[in-house]
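Asks: Dropping a prediction and its sequence here:
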Amino acid sequence: RSADVQTYRRAVDELVRRGYRVVRMGDPSMAPIDWPGFVDLATSPARTDLLELWCVARSAFFIGCESGPGELAKLLGVPILLVNVRGPDRQYPPRRTDRYILKRMVRLVDGQALSLREQASPGALADRNRFDLIRYRDNTDEEILQATSEMLDALDGDSPESDAQAEF
C-alpha cells in the first residue's frame, strides 16, 4: 500500500524474462495491475489467506518490505529479498539466503544522503525516527532490479559474498 509499485516493474520484467511467475499479495484496496507474467492476487476475487500461504510456501524466493508476509516467508524457510528497509538493525540477523536493501537516510538540513556506513552509525540509528532531522528515500527501480538480480545469482550459487557484505 505504501510502496510505489512502478519501482518493482523492471524487477518483475527481469523475473518474467528468466521464467518466473510473479504473484503480488496484499490489500484488496491496492490499484490493480495487469503486467505480463504477473498474477495480481491482491486484487483478485480468488484471494484467500490460505492461497497466499500456499503461494509463499511454493515460492523460489520472496520480495517484499517490512511487513507480515515477509515474516511468513521467514517462518517457511523461503529466501527473502526485502526492499525499503529503514535500518540495518531492523532485519538482523539475515539468513545466508536472504538479502535486503536499505532506504537512504537524507539529512533535511543539507539534503545529503548518508552513506550506508553512516546509516549504521550509533548517531544515525538514534536519529532514525527524528523526522525533523531526516527523511527516507525509497529504493529506486534500478536498486530493486540490481538487488533482484543479485538474489537470483545467489540462488543459483553464482554470487560469492562481496567484501562489503562481509564487512556489513
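Replies: It's in. Numbering: from 1, shown residues only.
Asks: If you average the pLDDT over the longest helix belonging to the chain, what comes out?
Replies: For the chain, the helix that runs over the most residues, judged by DSSP state H, is helix 141-155. Here helix 141-155 scores 93 as its mean pLDDT.
Asks: which other helices and strands contact it?
Replies: helix 9-17, strand 80-85, strand 99-102 (3 or more Cβ pairs under 8 Å, 6 or more residues apart in numbering; DSSP states H and E). Placement of C-beta: from N, CA and C, glycine included.
Asks: Convert that helix to PDB, retaining C-alpha atoms only.
Replies: Extracted in PDB, the C-alpha atoms of helix 141-155 (Å, rounded to 0.1, in the frame of the first residue of the first chain):
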ATOM      1  CA  ASP A 141      13.600   0.800  -9.700                       C
ATOM      2  CA  GLU A 142      17.300   0.400 -10.500                       C
ATOM      3  CA  GLU A 143      18.300  -0.500  -6.900                       C
ATOM      4  CA  ILE A 144      15.400  -3.000  -6.800                       C
ATOM      5  CA  LEU A 145      16.400  -4.500 -10.100                       C
ATOM      6  CA  GLN A 146      20.000  -4.900  -9.000                       C
ATOM      7  CA  ALA A 147      19.000  -6.500  -5.800                       C
ATOM      8  CA  THR A 148      16.700  -8.900  -7.600                       C
ATOM      9  CA  SER A 149      19.500  -9.900 -10.000                       C
ATOM     10  CA  GLU A 150      21.900 -10.400  -7.100                       C
ATOM     11  CA  MET A 151      19.200 -12.500  -5.300                       C
ATOM     12  CA  LEU A 152      18.800 -14.700  -8.400                       C
ATOM     13  CA  ASP A 153      22.600 -15.100  -8.800                       C
ATOM     14  CA  ALA A 154      22.800 -16.100  -5.100                       C
ATOM     15  CA  LEU A 155      20.000 -18.700  -5.500                       C
END
